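Student: have a look at this fold, sequence not included:
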Ligand SMILES: Nc1ncnc2c1ncn2[C@@H]1O[C@H](COP(=O)(O)OP(=O)(O)OP(=O)(O)O)[C@@H](O)[C@H]1O
C-alpha cells in the first residue's frame, strides 16, 4: 500500500504492522483520538478471495459487540476505499508481547485472565451461532489493565449459513486437518492450544512442516499440563486437556472453560447475558464461503508466529505493564 493513502476523516501517522492482507496504520480521528486503521494491501484488493475476507472482517467487526471482541469504530468493506478503524493497542498483539516477557511467559493470574476473556468472547460468538476459526495469540490484544480482546473476524462465519473451513496449522483441530467442517468445538481446540502456550509455556504440538503438524495433531496426545506448570489448578489443567480431545464432541464448551478459568482466579462465574446484534443470524458473511487463507488446501507450511467504548480498548500506557507486574 502506498504511503500516500488517505482515509477521509483520519490522519495517518505511521505504519505499525503488516499482515498477510492489510497494512495497519496508527492514525487519529477527527477528535484526535488514536486508532489503528487496517487498510487492505493492493494485492488483497486484486484477489477476490482476499478482498472478500477483508470485507468479511469489516462487516463482522462492525456487527459484533462484546467486551472481549475488538470493536470496529468505522469501516468500508469493499472497494478501493476499504478500511477498518479499531482501537490502537500500543503493545501490539499478544504474540508480539509474549517474547518480550521474562521467560516468554505471563504471570499465572495474567494468563488466566487473558484466557478467560478469550473464552468469554468465544462463548458470545458461539451463542450468536458463529465460529471464529482463527483463535491464536496473533489475534488477541491486551490492554494496560491486562484485559484481552479477540480480533480478526475475517475467517468467522455463521454456522447456519455454512462457511469455508480454515485455521492456522499450530492451532487447527484434527477435524479441520481431516477436511471436515469447523464448529464451536474447533474454536475450543484452538483455545486449548493457547491454554498450553500461556499456562504451560509452550504449545503442545511441534512441527516444521504442515505435514508434521498434521501428524502431531491427529495422532499425539498433549503432555499433562500440570507436568509443565504445577501451579495450574487441576480443573483448569483437565479442561485444557479435554479441549484438545481428538473428537469435537468430547471437548468442553467455551463457557465451561471460561467458568473454570474464572474459578481459578477466585471468582464466581456469572452467566453471560447478551443482546444479540440486530440481524446477526440473518446477515450472511458473504465472503466466508470463499475463504481459506489458512485452510489445509491453501497452505503448505505452518504459519509460525508467523469497542465500542465498553470493550477493553487500550488504556494509558503508564497504568498497566506486564513487566512492572512481573517484578
Ligand atoms: N489494533 C491494533 N493495535 C496495534 N497494533 C495492531 C493492531 N492491529 C494490528 N496491529 C499490528 O499489525 C500487525 C498486522 O495486523 P493483522 O495481523 O491484523 O493484519 P492482517 O493482514 O489482518 O493479518 P493476517 O495475516 O491475519 O491477514 C499485527 O501483528 C500487529 O502487530
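Tutor: In hand now; what should we look at? Nothing here was measured: the structure is a model prediction, and the numbers come from that model.

Student: how many other residues sit next to residue 226?
Tutor: 18 (other C-beta atoms under 10 Å). Using the backbone N, CA and C atoms, a C-beta is placed for each residue, glycine as well.

Student: residue nearest the middle of the chain, spatially speaking?
Tutor: Compute the mean C-alpha point of the chain, and by C-alpha atoms, centre = their mean the closest residue is residue 139, 3.5 Å away.

Student: mind listing what the closest residue to the ligand within the stretch 101-250 of the chain touches?
Tutor: Here the stretch 101-250 of the chain gets closest to the ligand at one residue, residue 152, 5.5 Å apart by C-beta to the nearest ligand atom. For residue 152, the contact set (C-beta atoms under 8 Å, 6 or more residues apart in numbering) comprises 57, 134, 138, 139.

Student: now, which of these lie within helices?
Tutor: residue 57 (DSSP state H).

Student: can you say which of the contacts of residue 152 are buried?
Tutor: 57, 134, 138, 139 (16 or more other C-beta atoms under 10 Å).

Student: contact partners for residue 171?
Tutor: Counting by C-beta under 8 Å, 6+ apart, residue 171 makes contact with 134, 135, 136, 189, 190, 193, 194.

Student: show me which of those residues are buried.
Tutor: 134, 135, 136, 189, 190, 193, 194.

Student: show me where the stretch 51-200 of the chain has its helices.
Tutor: 94-97, 108-127, 174-177, 184-195 (DSSP state H, counting those that start in this stretch).

Student: list the buried residues of stretch 254-266.
Tutor: Quick answer for stretch 254-266 (16+ other C-beta under 10 Å): 254, 255, 256, 257, 258, 259, 260, 261, 262, 263, 264, 265.

Student: likewise stretch 157-170?
Tutor: Here stretch 157-170 shows 157, 158, 161, 163, 164, 165, 166, 167, 168, 169, 170 as buried, counting by 16+ other C-beta under 10 Å.

Student: how long is it end to end?
Tutor: 21 Å (C-alpha to C-alpha, to the nearest Å).

Student: wait, does it make contact with the ligand?
Tutor: No: using C-beta under 6 Å from any ligand atom, stretch 157-170 stays clear of the ligand, coming no nearer than 8.5 Å.

Student: and that stretch, average pLDDT?
Tutor: Confidence for stretch 157-170, expressed as mean pLDDT, is 91.

Student: run the chain-centre distance for that stretch.
Tutor: 14 Å (C-alpha atoms, centre = their mean, to the nearest Å).

Student: the buried residues of stretch 157-170: which two are farthest apart?
Tutor: 161 and 170 (27.1 Å; C-beta to C-beta).

Student: report how many residues lie close to the closest residue in space to residue 97 that isn't next to it in sequence.
Tutor: The spatial neighbour of residue 97 that comes closest, neighbours along the chain excluded (C-beta to C-beta, 6 or more residues apart in numbering), is residue 91 at 5.2 Å. Using other C-beta under 10 Å, residue 91 has 17 neighbouring residues.

Student: is it true that residue 91 touches residue 146?
Tutor: No: the pair residue 91 and residue 146 fails to qualify as a contact (C-beta atoms under 8 Å) at a distance of 10.9 Å.

Student: distance check, residue 159 against residue 64.
Tutor: Distance check for residue 159 against residue 64: by C-beta to C-beta, to the nearest Å, it reads 15 Å.

Student: next: residue 40.
Tutor: Noted for residue 40: a distance of 20 Å to residue 64, by C-beta to C-beta.

Student: neighbour-wise, which of the two wins?
Tutor: Using other C-beta under 10 Å, the more surrounded residue of residue 40 and residue 64 is residue 40, with 26 against 22.

Student: partner residues bridging the more buried one?
Tutor: Beta-bridge pairing of residue 40 under DSSP bridges involves residue 22.

Student: does it touch residue 24 like I think?
Tutor: No: contact criterion C-beta under 8 Å: residue 40 and residue 24 do not qualify, at 10.8 Å.

Student: cool, thanks, signing off.
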